[in-house]
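Engineer: Here is a sequence together with a model predicted from it:
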Amino acid sequence: MRLDKFLAHASGASRKQVKQWIKNGEATVDGQTAKSAGQLVPEFAQVCVRGETLQIAALRYIMLNKPTGTVSTAEHADERSVFALLPSEQRRALHVVGRLDVDTTGLLLLTDDGQWSHRITAPVSHCPKVYRVELSDELSDADLEQLLKGVQLNDEKQLLRARALVRHNKRLVDMTLGEGRYHQVKRMFAAVGNHVEALHRLQIGGLSLDAGLQPGQWRELNKAETEAVFSKPTDG
Ligand code: URA
């Protein structure tokens, strides 16, 4: 990151003020007086202004077990919002990585790292998601085959297919999807004449919902977990 951007971000000062510090020789990078606003700040470098060390707040990565009845909109103030489950001082700058419907439960990610969430949700990323689906009617072998081959949904150019379908019993299946289209799971089962009674997200890539998190509880991800989302699901 450029030094002027780093200083502005870490201190909250204006670009004009930042330039002045650099011009006055008041900014140092690893003990050396900074020479230009455009010089790059190496990772883990110690940046000081007038002898005071400045730091950019670490990016945050959170997994939450979304309870039914909560909305995953960007609107922090809505009392039904998943953000209401976090202490108010922790909500700032966080956004949801791939929404779930109001009645869907399970693994929801929150972050302030736009690049990370873009990598997960971008259509080209094909970051697979695994859902546990409770159905109103028994899923026949023919319908299971059809969902694996692909179904045509309204307003979709291409057939959408399940990457994997694991049947626990005739009405309970785990479905892996490569994309995240609007109401995709519900619409795909509707396309074969079935109905989703309950929907729970179990995994995003190789990251599983922590079984120790009760509905409404959340925790920070560790570094390995932030990378696990980009690997294959365990049953996908
Ligand atoms: N598919 C749906 O239909 N709903 C969700 O919440 C997620 C995937």
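Structural biologist: Perfect, thanks for sending it.
Engineer: All the strands of this protein, in order from the start?
Structural biologist: Taking DSSP state E as the test, the strands found in the chain are 27-29, 32-33, 47-49, 52-54, 61-66, 95-97, 104-111, 129-135, 164-169, 172-177, 196-204, 207-208, 218-220.
Engineer: Looking at the fourth one now, give me its mean pLDDT.
Structural biologist: Meaning strand 52-54. The average pLDDT within strand 52-54 is 91.
Engineer: Tell me the strands beside that strand, with direction?
Structural biologist: If you go by DSSP bridges, strand 52-54 pairs up with strand 47-49 (antiparallel).
Engineer: How far off centre is the strand it pairs with?
Structural biologist: Counting by C-alpha atoms, centre = their mean, to the nearest Å, strand 47-49 is centred 32 Å from the centre of its parent chain.
Engineer: Show residues contacting it.
Structural biologist: The contact list for strand 47-49 (C-beta atoms under 8 Å, 6 or more residues apart in numbering) reads 3, 6-7, 10-11, 21, 26-29, 41, 53-54. To be clear about C-beta, it is placed using only N, CA and C from the backbone, and glycine gets the same treatment.
Engineer: do that again at 10 Å, thanks
Structural biologist: With contacts defined as C-beta atoms under 10 Å, 6 or more residues apart in numbering, strand 47-49 is touched by 3, 6-7, 10-11, 13, 17-18, 21-22, 24, 26-31, 34, 41, 53-56.
Engineer: between the strands of the chain, which one is nearest to Glu156?
Structural biologist: strand 172-177 (12.8 Å; C-beta to C-beta).
Engineer: What residues sit buried inside that closest one?
Structural biologist: Across strand 172-177, burial judged by 16 or more other C-beta atoms under 10 Å covers Val173, Asp174, Met175, Thr176, Leu177.
Engineer: got the CA coordinates for that strand in CSV?
Structural biologist: Output in CSV follows, covering the C-alpha atoms of strand 172-177 (Å, rounded to 0.1, in the frame of the first residue of the first chain):
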residue,chain,number,x,y,z
LEU,A,172,-33.4,-35.1,3.7
VAL,A,173,-30.6,-34.4,1.3
ASP,A,174,-27.3,-32.4,1.2
MET,A,175,-27.0,-30.4,-2.0
THR,A,176,-23.8,-28.8,-3.2
LEU,A,177,-24.1,-25.8,-5.6
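Engineer: Check whether that strand comes near the ligand.
Structural biologist: No. On the criterion C-beta under 6 Å from any ligand atom, strand 172-177 is out of touch with the ligand, staying 7.4 Å away.
Engineer: remind me which residues of this protein are low pLDDT?
Structural biologist: Per-residue confidence for the chain (pLDDT under 70) gives these ranges: 74, 76-77, 235-236.
Engineer: Which residue ranges make up the domains of the protein?
Structural biologist: Domains of the chain are assigned by automatic domain parsing as 3-54, 61-123+206-228, 128-204.
Engineer: JSON lines please, covering the ones you listed and showing distance to Thr234.
Structural biologist: Output for the domains of the chain, formatted as JSON lines (distance: least, C-beta to C-beta, whole Å):
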{"stretch": "domain 3-54", "distance to Thr234": "32"}
{"stretch": "domain 61-123+206-228", "distance to Thr234": "7"}
{"stretch": "domain 128-204", "distance to Thr234": "7"}
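Engineer: mind listing what the residue nearest the centre of the chain touches?
Structural biologist: The centroid of the chain falls nearest to Val97 when counting by C-alpha atoms, centre = their mean (2.9 Å). By C-beta under 10 Å, 6+ apart, the contact list for Val97 reads 61-63, 72, 108-111, 113-114, 116-121, 127, 204, 229.
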